[in-house]
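Visitor: Mind looking at a prediction? Sequence and model below.
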Amino acid sequence: NAAGMVFSGCDLSNATLGSVAGAVAGPGAGAVGTADQQYFLDVSGGVFDKADLSNALLAHARLDACTFDGASLRGANMEKVEFGQLPMLLGHTEGVTSVCVTADGKHVVSGSQDWTVRVWSLDSGECVRTFSGHTECDNRVYDCRQQTCGVGIQ
């Protein structure tokens, strides 16, 4: 189990992080999970930003909540990889231009090119409030604590 490990910038090209096709991982072979759903390697929450995973064997690995920003996965075997799913904040109809977390850490506020600002519950992922009607703004949300605009998204 390598859950949460950081592999940023590592050369993992041709590495074996999964199982070979058709192989069944038995006791002591590094398999994790329930009897009906086994994974060869669990790296859930791993950070693979800018890692080279070209031609790596990732088959049957568990990659829940991993990040792969700028990583190369060209030619990687990703057969039956388990990614899981993080809650998504769905509702804006155009691109999101900035986001900010509230001071209490319970909500995210997002500004969008659809001319709305939405407030999202971090517990449920639900939109709890929508502000609309603004037609002459740059759609950025403002962080009063930091006296700066929210994080811009390109």
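Guide: Arrived safely. Fair warning: this is a prediction, and the values are worked out from it, not measured in the lab. Residues are numbered from 1 along each chain as shown.

Visitor: Within its local environment, how many residues does Ser121 see?
Guide: 15 (other CB atoms under 10 Å). (Glycine included, C-beta is placed from N, CA and C.)

Visitor: Might one say that it is in contact with Gly105?
Guide: No: at 11.4 Å, Ser121 and Gly105 do not qualify as touching, with contact defined as CB atoms under 8 Å.

Visitor: Could you pull up the residues touching Thr93?
Guide: Ser112, Asp114 (CB atoms under 8 Å, 6 or more residues apart in numbering).

Visitor: What are the buried residues along stretch 90-98?
Guide: Residues of stretch 90-98 classed as buried: His92, Val96, Thr97, Ser98 (neighbour count, 16 or more other CB atoms under 10 Å).

Visitor: Out of these, flag the one nearest to Ser13.
Guide: Within the set of the buried residues of stretch 90-98, Val96 lies nearest Ser13; the separation is 33.6 Å, counting by CB to CB.

Visitor: Might you report the residue contacts of the closest one?
Guide: If you count contacts by CB under 8 Å, 6+ apart, then Val96 has Ser110, Gly111, Ser112, Gln113, Ile153 around it.

Visitor: That concludes my questions; thank you for your assistance.
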